[in-house]
Structures are given as C-alpha cells and as structure tokens.
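Engineer: Build me a structure from this.
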Amino acid sequence: MRSRFSNVIYAVIVAAATALSAVGCLISGFDLKMQQMLMLVTVTVLFAVIGAVGFSIRRGWIAVLGVTAAAAVFLWMGGDALTQMQALLTRLTYTYDRAYHWGVIAFSGAWIHVASDLPMMILSVLIVLAVTWVLCQHRNPALAVAAAVLPLLPCLVVTDTPPHTACLFFLLIGIVTVLFTASMRKRERQTSPRMTLTATVAVFAAFALLFTAVPQKGYRNPFAAIQDQLLEMIGYESGAEGAGGKVDGVDLKGLGSRFFLQYPVLTVTAPYDGVVYLREQDYNIYNGYSWDTEDTREDGIAKMPYGEGVNAQKLKVETRWLRSRLFVPYYVTGSVHLKGGMIANTDKDQEYSWSVLPTDANWRDQVPQDGSASHMDWDLCNTNRYRSIPVGTLDWAQEFLATILTDEQQSATAKADAIAQYVHDMAFYADDCERMPSSEKDFARWFIENGKSGYCVHFATSTAVLLRAAGVSTRYVTGYMVSAKANEPTVVTADMEHAWVEYFEPALNRWIVLESTPPEQEQTEETEATTVPTTTTRPDTEPTQPTQPTAPQDEGSSIPWRKIFAVAGTVMLYVLGAAAIVALVIGQRVLRQAHRNRRWTKSTPNERALMLWREIGRMARRAAATPSEEAYALAQKAKYSQHTLTQEELQCLSDERDALIQVLRTRSMLTRFVHRYILGLY
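Structural biologist: As a prediction, this is how the structure comes out:
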C-alpha cells in the first residue's frame, strides 16, 4: 500500500512537470498569447492526480475516461475552443510559411490576438494522462514519450522558434526519466518508487551540468551546413530567406486578399521620431505578373550622404531570430553595397546598428526643374535594368501618362510626385481585395484601369511601372515600415510588412523612397501622397500607416448570409469530425479483424490454439473470470508438445472463448463498446 501511494505521488509530480514543460516549449517557441496561465497549471495538476489515482486502482480508467469526457464537453460548450485551435493553427502555419512558403491555413476570425489557453490545456491533459498511465500501469514508455515530444516537434521545424531553456530542461528530464526507469519499474514494483526517485535526481544533475556547460543562449546549430546540403540535394530553394541563393520573386497573379498577424519579428531603436523604413530586398525585373531580381546585380542605395553639419546617430536593429539578410534604414553614412538587391547577413548577426543621417529638409531645392543633372553616368548605364517593362505595357503606359504629366514636370522627382499622387488617389486601401483575372496580362495595367481597392503591393507596382514608362529608373522594395519614437525600442510585427518604390534622382545621385500607398481612411477623406526622402527626418505630421480595415457589411440584403454560411460551415465541420472519428474507430476494428483472419488462415493448429488461449486470457481478465484447467492444459500442450492438436481440441478452446464473449455481452453499453471497438476483444 505504501509503495502504491509513493508511486502515485511520483507519477503526479513527473506527469505534471513533463506536461507543463512540454506545452511551455510550444508557448515560448511561438510566443503564444496566454491569459490563464494559473488555470493551465491548476488543470494540469488536477488531472495528474486524477490520472495517477485512477490508473492505480482496478477499473479506475473508467472514472478517468468519464471525467476527461465531461471536461472536454464543458470546454467545447464554452464556445472558444474551436476559435482558439484555429488561431493556433494559423500561427503555426504562418511561421512555417515565412520560412518555407508552405502557405497559411487561415480561418475567419482566427487572428493572432486570440489566446491559446484552451488548446494548451487540452494538450497538457493528454500528456498528463499518457504519462500517468505509463507510470502507474507499468506500461511501455513509448506512449508517454510520444505525447511529451509532440508539443516540441513544431518548434523543431524552423530555427526561428526556440523553446525557453527552462521548459526544454525539465521536458528532457521527464522524458529521460520515464525511459530509463521503465524496465526498473516493471521488474521491481515494490522498490521502484525509491529507485526511480534516485534515478530522477541523477538525471536532473546530469542535465543541469549539461545545460550549464553548453548554454542555449548564443548556441549555433553545428548541423546547419548538413541541413543546407540536404535541402540542396532535394532541390529545395530557401526562397525569400535564402541569402546567396535565388530569391523568390513577388507573385502578382495569385495576389488576392490577405490578413495580418501581429507576430513580433524584430525591434528597432531609432534616433529620431517618425516613420522608419527598413528595406530588406529590392526587385528590378518586372514581366507583367511578377517581380524578380538578378542575383548577380551589384549596386547601392546612395553614393554620398546629405545633412551636412548634422552628426550621425545610431539606429539599432535586433531581430528575434537569425535572418539571412540585413535590414537597412534610410540613409546610412557612406555608400551601401547591395548584391542581388540585398545585403547578406554573412556574419549571422541578430543585433546590429547603422550610422544614419537626416536628409536636408530642403533637398528638393537641389533638384533642377528642367531635369538636367550633373550625375548622369550611373543612371545611363543602368537604364535597361531599372526601366524595363513589357512592350505592350510600355506603349499603353506612355499613352496613359499623357493624361497625368505636364511639360513642366521634367525632373525625376517631379514625375515621381505626380505619378505617386495619381496612384495614391485612384483607389482606397483594403486588405480584402479581388484577384487579377487570369485573362489579364499585366498586373499594373489591370489595377490602374479596373482596381478599386488594394494594398501596398498594388500601389507600389503601379507606381513603379508608370515611373519606368516615364523614363525614371525604379526598384520595387520590400521590408517593414514602422512609426518609431526617438531612442525608444519599437517592436516591429509581421503586420508592418510593407512594399514601396525607390526611384533614382540623377541630380542627387541617390535613390529616393517614394510612398504611394494610401492609409485606410482614404475611403472617406483625401490626403496627400508624398515623396519620402528619408525615414530619419522629423516630419511635421505623423505619417499614417495602412491598417487592417473592418470587413464591410452586406447593406443590400437583410438576410445575414455571412452568418448563415458561417454557422453552416461550423455544423459541417462538426459532422465531418464526428464522421472521421466513427470511421477511425470502425476502421481500426476492421483492420484488427482482417489481420487476425490472415494469421488464422496461415497458422498451424497449435498456433491457432495459442491464439485462442491469448484471447481467452484477455477476455477472462475483463470478465473477472479464471480460464478452465482444460483450456490451460491444451495451451501448454500446443506450446511445448510435439503433438498436433485435433479439431475437437481446438473446438474446446473456441467454445470457452465464445462463453466468455457471452459474459462480456452482459455488461453495460459503454463497456461493450470499449470491449468491441476499442480493445477489439470480439
């Protein structure tokens, strides 16, 4: 009795610690939002006690199953479980999409601000029950280890989601303890609590020494090179994150509605108030339905800094995980050398800073209105690279520009201002917008002629194409745009991802940022589109950043079709889920029976007798009965004797099995269901 009590206490501690550590790895790795951490701990400990006690007594598993089912129904009826699970799935697939471009599984309303309390509670309870069942029933540890490792696996798919050190530390201790003490607990059940406790202390000391000697902070994966080689062998290209490799372009054909997740990606500390643009990648090749870049292209951002008489100050960037490219602000002191439209993070830095200078507020006065310039050599030799657009688009755009530009607008800056203002005013900002029809051949032309709403990609592409048609060298740029306060760390989230245009001004011999994307409130009020000379100036007014609009309501109909479809979709999801569970339960029973029939057909009479004896033993335990001596003697004869059992002897074993089946069929409906479909006894 004392050893059983000690085993229960030990199971509670190990199960609760392992479960909390496992879900802690998932929470810390993906920065999941948790509002009820205390409730998570309480539920985990409570079910650890329920599982340890229930699995330690005869038929106690029935009570554990009943309590778990009741809790599951209670959580599901609360209404938030499905929403939180959808939000969790969206978060996971979003993270993987940023690394591997697998796509995002998005659900209506499943935004990142939704907490993950209920999914974490459910996962923790499942781990607790698996661990307590293994420890108290002295079972094979495979189930407990699999359940404990399950929350850790999503963190291993990419290197951007490292779990917290403490969570990983205690999780590994729990897994190793369960594995190493499995055989000990089976052989020495009376003394196993004391021996397993000693083993746990030894494992704890070993891992403490390991984590102290090899701290997680600053650790670099020694298998990164092997991983890259494997990806190269299977033909995988790392896409947007692949420094030194081919960079994935911007697909405009499949561009449609998008959604935002407030997932932290980096922190920036700027020396000035205002909007900060952090460029990551630029593209120079436009073919009508995508943007791409030349991998061998070498150029820069600026040849010389402006802002004489002003001291340079530091702008600090700290990425949350290792990025293959550096984020560059406008404008750094000296020249910035780009290769393939980016600066590769060859030193694998996660914290770095730039020396930036504010641009002269009167920089436009230095641009001649007639378009003449003293720095033309660079621009002339790169004309084709930064002005090329499809021939059909060029003819249309030049004819269209006649309605926008005047004879007085000769300089690159004058043309940029006029074109940006037109694009800025021609449509309103919306993330929920239509996709370009497959019959269209050029994205910019389609949006300018037919587009009513779009986001930064639409406006930046249209601006860049019109500028190229007007003879201005342009680049399509992607990165992040954030409103920062001087010397205060600002968290940059994924929803701040942005696209804009850089055009080359020969009079200044530098690239200028051009912003033509309107803010959300452009649907109701007019604002001015401006050329942004630098992101480190002190603007007179705070720029408005595009934000996620509220989904429009159907005003033309009194029937709430969206709600009806949403309810119908939810009901269909429940029906499909229930059907899948039923199919799974029935399917596994059918497979078991088919496997048994195949073995029976291929077996000898003695092997069939042993199969019947094993079934009799399993059924006898469930029926609280004892197999007959005659059946036991036949089983011993089949196993050790050279005699081949006759058909009459096999029939004797079969009759005893059938008698036990009749006894089991007198049990309750739930018990019969478990015996027939879960355990597959008959």
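Engineer: Report the buried residues of the helix or strand encompassing residue 146.
Structural biologist: With secondary structure defined by DSSP states H and E, residue 146 is part of helix 142-149. Going by neighbour count (16 or more other CB atoms under 10 Å), the buried part of helix 142-149 is 144, 145, 147, 148. For every residue, glycine as well, the C-beta is placed using N, CA and C.
Engineer: need the strands for the stretch 201-350 of the chain, in chain order.
Structural biologist: For the stretch 201-350 of the chain, the strands identified by DSSP state E, counting those that start in this stretch occupy 250-251, 264-269, 274-283, 285-286, 290-292, 298-300, 313-319, 337-339, in order along the chain.
Engineer: Please name whichever of the ones you listed is nearest to residue 487.
Structural biologist: Nearest of these to residue 487, taken as CB to CB: strand 264-269 at 6.5 Å.
Engineer: Straight-line length of stretch 256-271, end to end?
Structural biologist: Its start and end residues considered, stretch 256-271 measures 37 Å (CA to CA, to the nearest Å).
Engineer: Repeat that for stretch 420-437.
Structural biologist: Taking CA to CA, the span from the opening residue of stretch 420-437 to its closing residue is 25 Å.
Engineer: Counting neighbours, what do you get for residue 678?
Structural biologist: Taking other CB atoms under 10 Å as the criterion, the count of residues near residue 678 is 11.
Engineer: Am I right that residue 385 is in a helix?
Structural biologist: Yes: the assignment for residue 385 (DSSP: H, G, I helix; E, B strand; the rest coil) places it in a helix.
Engineer: re earlier: pipe the buried residues of helix 142-149 into TSV and attach distance to residue 519 and pLDDT per row.
Structural biologist: Putting the buried residues of helix 142-149 into TSV (distance: CB to CB, whole Å; pLDDT from 0 to 100) gives the following:
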residue	distance to residue 519	pLDDT
144	53	89
145	52	89
147	48	91
148	48	90
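Engineer: Need the max-distance pair from those.
Structural biologist: Considering CB to CB, no two members of those lie farther apart than 145 and 147, which are separated by 7.4 Å.
Engineer: Mind telling me which of the strands of the stretch 201-350 of the chain the model trusts least?
Structural biologist: Across the strands of the stretch 201-350 of the chain, the stretch with the lowest average pLDDT is strand 298-300; it has a mean of 81.
Engineer: contact partners of that strand?
Structural biologist: By CB atoms under 8 Å, 6 or more residues apart in numbering, the list of residues contacting strand 298-300 from outside reads 335, 336, 337, 338, 339, 382, 511.
Engineer: what's the answer for stretch 430-450, then?
Structural biologist: 252-260, 288-289, 390, 392-393, 396-397, 400, 423, 426-427, 451-455, 458, 461-462, 464-466, 520, 523, 548-549, 551-552.
Engineer: Point out where the stretch 201-350 of the chain drops to low pLDDT.
Structural biologist: Scanning the stretch 201-350 of the chain for pLDDT under 70 picks out the ranges 210-248, 259-263, 302-310.
Engineer: All the helices of it, residue numbers only.
Structural biologist: Read by DSSP state H, counting those that start in this stretch, the stretch 201-350 of the chain holds these helices, from start to end of the chain: 224-233.
Engineer: tell me the mean pLDDT for the helix or strand residue 492 falls within?
Structural biologist: When elements are defined using DSSP H and E, residue 492 is found to belong to strand 490-493. Per-residue pLDDT values over strand 490-493 give a mean of 90.
Engineer: switch to numbering from 289
Structural biologist: Sure, I'll start numbering at 289, so the last one becomes strand 778-781.
Engineer: following it, which helix or strand shows up next?
Structural biologist: Using DSSP H and E, the helix or strand that directly follows strand 778-781 along the chain is strand 785-793.
Engineer: buried stuff in stretch 767-777?
Structural biologist: 767, 768, 769, 770, 772.
Engineer: ugh, wrong one, stretch 622-632
Structural biologist: Along stretch 622-632, the positions that meet the burial threshold by neighbour count (16+ other CB under 10 Å) are 624, 626, 628, 629, 630, 631.
Engineer: Serialize these to a markdown table and add fields for distance to residue 651.
Structural biologist: A markdown table is the format used below for the buried residues of stretch 622-632 (distance: CB to CB, whole Å):
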| residue | distance to residue 651 |
| --- | --- |
| 624 | 18 |
| 626 | 22 |
| 628 | 29 |
| 629 | 24 |
| 630 | 26 |
| 631 | 24 |
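Engineer: and of those, the nearest to residue 555?
Structural biologist: Using CB to CB, residue 631 comes nearest to residue 555 of the buried residues of stretch 622-632, at 18.9 Å.
Engineer: Need the nearest residue in space to that closest one, chain neighbours excluded.
Structural biologist: residue 614 (4.4 Å; CB to CB, 6 or more residues apart in numbering).
Engineer: And the helices in the stretch 739-888 of the chain, which stretches?
Structural biologist: Counting by DSSP H, counting those that start in this stretch, the helices of the stretch 739-888 of the chain are 744-757, 849-890.
Engineer: mean pLDDT for those: which is lowest?
Structural biologist: With a mean of 69, helix 849-890 has the lowest mean pLDDT of these.
Engineer: re the thing from before, contacts for the strand holding residue 780 next, please.
Structural biologist: 549-558, 564, 566, 768, 770-772.
Engineer: Report the buried members of those.
Structural biologist: When burial is judged by neighbour count using 16+ other CB under 10 Å, the buried members of the contacts of strand 778-781 are 549, 551, 553-558, 564, 566, 768, 770, 772.
Engineer: does residue 706 sit in a helix or strand, and which one?
Structural biologist: Element membership for residue 706 (DSSP H and E) is helix 700-714.
Engineer: Could you check the angle that helix makes with helix 744-757?
Structural biologist: 140 degrees (axes from the mean of the first three to the mean of the last three CA atoms, to 10 degrees).
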